[in-house]
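**Q** just the structure for this:
(chains A and B, ligands or ions: 2)
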Amino acid sequence: MTALVTGAAGFLHRFEGLQQRLPGARLPFVQALREQAAEAFRRQGFPTRRIEAWKYTDLRPVAEAGFDEALTAMDDSPALPPAHGAARAVFVDGRFRADLSMLDGLSYGAESLAAALERQEGRLGALARPVEQPMAALNTMLFEDGLVVTVPAGVAGGVLDLVSLGTASERPEAFHPRHLIRLEAGASLTIIETATGPAEARYLHNPVYEIEVAFGAVLTHARLQQEGARAFQLSTAYARVEKGGTYDNFTLNAGGRLVRNEIHTVLAGPAATCHMNGAQLLRDGQHADTTTFLDHAAPDCASRQTYKTVLSGRSRGVFQGKIHVHQVAQRTDGYQMNQALLLSPEAEIDSKPQLEIYADDVKCSHGATVGAIDAEQLFYLRARGIPEARARAMLVEAFLREAIEGVQDEAAREALDAAVTGWWDRQGEAA
Amino acid sequence: MLKIEGLTAEVEGKQILKGIDLEVPAGEIHAIMGPNGSGKSTLSYVLSGREGYEITGGSVTFNGIDLLAMEPEERAAAGLFLAFQYPVELPGVGNALFLRTALNAVRKARGEPELDAMQFLKVARDRLKALHISEDMLKRGVNVGFSGGEKKRNEVLQMALLSPKLAILDETDSGLDIDALKIVADGVNALRAPGFSSLVITHYQRLLDYIVPDKVHVLMNGRIVQTGGPELAKQLEESGYASVQAAA
Ligand SMILES: Nc1ncnc2c1ncn2[C@@H]1O[C@H](COP(=O)(O)OP(=O)(O)OP(=O)(O)O)[C@@H](O)[C@H]1O
Ligand SMILES: [Mg+2]
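**A** Ligands and ions are numbered 1, 2, ... in the order given. Here you go, the predicted model:
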């Protein structure tokens, strides 16, 4: 067994060793993308807190972990999270598992990226910006698989479960799935993503999403991040929404030791809509970061962002939200709200909203609040006989509900509601 | 049922209750009247266990047990109920879930089986009808966007569901129209039984025409200064508290 090299050097080292064995080794466009990403990653390494976008999240624990690539048995039968629809794509340690997936007879295309790679020229890398985002560079350099979804014009795709399972092994493993999602004009799809793994497993899940929502299409993207307690998840999503299209993202950060949910959305055509909502439920020792970049690049678009963070123990939450309203984006309607509920005096939340507005006719508001559980409300519940722990749980759920109610799709909303309900009670059992 | 002896309490270093002596036997309804700021709500909060009050002396027993040593939820489970003067809004907590959770918590503490959503709905519907409350109110957030009268009716609904042994009504009649007042009074009268007592805090004699009290107490400046029968309320309505002050 060779000694592991940690940090950026470890990943570059592995890239050099694996280069000829990674998918697309004989496809020039893939090679060019990987080379360019490797060069960017070699230059920048892991982002440090000196970089504005990473001011509140220190990746040293990730850099120092010394990851190996995943050596997963491909024939085990792991327990799968509950299904929300009939279609399901399952990845174990970032690798597509046809035997666990159900993608037959769909009205749209859904296939493994490794298998479909040669047909992705022009689409792979169309939105991701590895030169600017080091984690996207790492993903581009080392991705092995991912899901390619293409919903043809006018097709209502229903619900697709996207499942990622991390597994436990002797050495920490890293996987970097790349998901390409395209909805053609008037199409719709609800993706409910569950990422999870055993409590003791140490792994890095570093997914990148390239999402294209065409004219009048509607994509609901509910992400349930429930990784194992020792895992890292650093995700970067790029979405481009054309005229009259809707991208509705909800990310629940509930698991993992150090996680980041970074979203770049461009409202590229007039009257496009974007919802970026989310909740972060943090226990002692957890760090969760949600960072959103929203470009209003066309007139008459609307955006809604509501993020709620609940922090207990010595946990730390981060919210950064930047809205850039371009000069052409007249009549922009933007709203951003970020609220934190501190359940412990040792918890910490950092929040940084940022508005850059270059158009003159816009309606943009943002706000942030930090508070504790309201003593009056708690007493009212207890005075009705509800034990204190349950009363607190009810108030925590109520705090989160507002963000979940922003999700338009019923199946996604129900999945999120189920994930959030009882979270606090389960904490009580674990403690 | 309820026995208060020499109760003194402070809020933020300020003495509000200055030695309350009050006994409510089982099956009786007592009214408490008194000027604004005299300590009526403070007494009701101290009895139900709200934080922020320092009990500096005296004792309270509820059917023989030390009430002041119990958590608020234990008091509720033991049969104490406070209808709040200012019911609290709980955005994001559905009224149906709230009512069912409360009812089941109390049932569980009393060793009775919990009700599922369907069983609960059946019980709740009967009570809603009796109190002339629309079923819509179950779907809304607790007290959120309720009118003043609706909030008070929601308190009475909670009381009806939890079937307490001792109900403290803190100005439940304030802000109610005549019809609502009758409905609330009917709600209390429906609970009247040898094992049920109530402390009715009010500013208006009118309520006491519908809920006829066994005794009327006057609370002034943190003390009970006078106790009488229902006629005392009528007398106060006519001549105000000045006459009591003179007498005390
Ligand atoms: N948290 C507090 N801090 C300081 N003073 C308080 C606090 N709560 C109550 N008080 C004071 O205690 C006194 C009694 O208040 P309380 O609410 O018990 O009066 P009340 O008899 O219910 O009046 P009302 O008829 O207006 O409802 C008042 O002077 C009030 O200002
Ligand atoms: Mg009062």
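**Q** so which bits of chain B are right by ligand 1?
**A** Taking Cβ under 6 Å from any ligand atom as the contact definition, chain B meets ligand 1 at B:11-12, B:14, B:16, B:34, B:36-42, B:85. Yep, even glycine has a C-beta here, placed from its N, CA and C like the rest.
**Q** let's see it at 5 Å
**A** The interface of chain B toward ligand 1, taken as Cβ under 5 Å from any ligand atom, is made up of B:11-12, B:16, B:36-42.
**Q** Three-state assignment for A:Arg260, please.
**A** Reduced to three states with DSSP: H, G, I helix; E, B strand; the rest coil, the structure at A:Arg260 is strand.
**Q** what sits against it?
**A** Residues in contact with A:Arg260 (Cβ atoms under 8 Å, 6 or more residues apart in numbering or on different chains) are A:57, A:135, A:233-235, A:288-291.
**Q** in strands, which of the residues of chain B next to ligand 1 fall?
**A** Counting by DSSP state E, these place B:11, B:16 in strands.
**Q** only the buried subset of the residues of chain B next to ligand 1, as a PyMOL command please.
**A** The PyMOL command for the buried members of the residues of chain B next to ligand 1 (criterion: 16 or more other Cβ atoms under 10 Å in any protein chain shown) is given here:
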select buried, chain B and resi 16+38+39+40+41+42
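**Q** near ligand 2, list only the ones from the residues of chain B next to ligand 1.
**A** B:40-41 (Cβ under 5 Å from the ion).
**Q** let's have the residues of chain B next to ligand 1 in CSV, adding distance to A:Ala114.
**A** Below are those laid out as CSV (distance: Cβ to Cβ, whole Å):
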residue, distance to A:Ala114
B:Val11, 69
B:Glu12, 67
B:Ile16, 73
B:Asn36, 76
B:Gly37, 75
B:Ser38, 78
B:Gly39, 75
B:Lys40, 74
B:Ser41, 69
B:Thr42, 71
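**Q** wait, a strand at B:Met182?
**A** If you look again at residue B:182, you'll see it is Lys, not Met. No - with three-state DSSP as the criterion, B:Lys182 is assigned helix and is not in a strand.
**Q** please, which helix or strand holds B:Ala149?
**A** No, residue B:149 isn't Ala; it's Gly. B:Gly149 is located in helix B:148-162, with elements delineated by DSSP states H and E.
**Q** gap between that helix and the chain center?
**A** How far helix B:148-162 lies from its chain's middle: 11 Å, per Cα atoms, centre = their mean, to the nearest Å.
**Q** partners of the helix or strand following that helix, with directions?
**A** Heading C-terminal from helix B:148-162, the first helix or strand you meet, by DSSP H and E, is strand B:166-170. Partner strands for strand B:166-170, per DSSP bridges, with pairing direction: strand B:80-83 (parallel), strand B:197-201 (parallel).
**Q** now render the ones you listed as TSV, adding distance to A:Gln44, mean neighbour count and mean pLDDT.
**A** Formatted as TSV, the strands paired with strand B:166-170 follow (distance: least, Cβ to Cβ, whole Å; neighbours: other Cβ atoms under 10 Å in any protein chain shown; pLDDT from 0 to 100):
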stretch	distance to A:Gln44	mean neighbour count	mean pLDDT
strand B:80-83	62	26	98
strand B:197-201	69	26	97
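**Q** in JSON lines: those strands, plus distance to A:Val407.
**A** Formatted as JSON lines, the strands paired with strand B:166-170 follow (distance: least, Cβ to Cβ, whole Å):
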{"stretch": "strand B:80-83", "distance to A:Val407": "37"}
{"stretch": "strand B:197-201", "distance to A:Val407": "44"}
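**Q** now those strands in CSV, with distance to ligand 2?
**A** Formatted as CSV, the strands paired with strand B:166-170 follow (distance: least, Cβ to the ion, whole Å):
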stretch, distance to ligand 2
strand B:80-83, 12
strand B:197-201, 7
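**Q** which among these is found nearest to A:Glu193?
**A** In terms of Cβ to Cβ, the element of the strands paired with strand B:166-170 nearest to A:Glu193 is strand B:80-83, at 46.0 Å.
**Q** I'd like to know how far A:Thr421 sits from A:Met135.
**A** As for A:Thr421, its distance to A:Met135 is 31 Å (criterion: Cβ to Cβ, to the nearest Å).
**Q** who has more neighbours out of these two?
**A** Legend: neighbour count by other Cβ atoms under 10 Å in any protein chain shown for A:Thr421 and A:Met135, higher for A:Met135 (24 against 16).
**Q** ok, the more buried one touching A:Glu262?
**A** Yes - the criterion here is Cβ atoms under 8 Å, and A:Met135 meets it with A:Glu262 at 7.4 Å.
**Q** tell me the residues that contact both of these two, please.
**A** The contact sets of A:Met135 and A:Glu262 overlap at A:234, A:236 (Cβ under 8 Å, 6+ apart).
**Q** now do the strands in chain B.
**A** B:2-11, B:14-24, B:29-33, B:53-62, B:65-66, B:80-83, B:90-94, B:141-142, B:166-170, B:197-201, B:215-220, B:223-228.
**Q** for the ones you listed, which one sits closest to A:Gly66?
**A** Using Cβ to Cβ, the strands of chain B put strand B:90-94 closest to A:Gly66, at 43.6 Å.
**Q** quick check: which element contains the residue lying closest to A:Ala411 once chain neighbours are set aside?
**A** Excluding the flanking residues, the one nearest A:Ala411 by Cβ to Cβ, 6 or more residues apart in numbering or on different chains is A:Val159, at 5.0 Å. Taking DSSP H and E as the criterion, A:Val159 maps to strand A:156-165.
**Q** counting by contacts, list what the helix or strand immediately after that strand in the chain packs against.
**A** The C-terminal neighbour of strand A:156-165 among helices and strands, as given by DSSP H and E, is strand A:173-175. Strand A:173-175 is packed against strand A:68-69, strand A:203-205, with contacts defined by 3 or more Cβ pairs under 8 Å, 6 or more residues apart in numbering or on different chains; DSSP states H and E.
**Q** who does the first one pair up with?
**A** What it means is strand A:68-69. Partners of strand A:68-69, by DSSP bridges, with direction: strand A:173-175 (parallel).
**Q** circling back: go back to the contacts of A:Arg260 and keep what's next to ligand 1.
**A** Applying Cβ under 5 Å from any ligand atom to these, none is adjacent to ligand 1.
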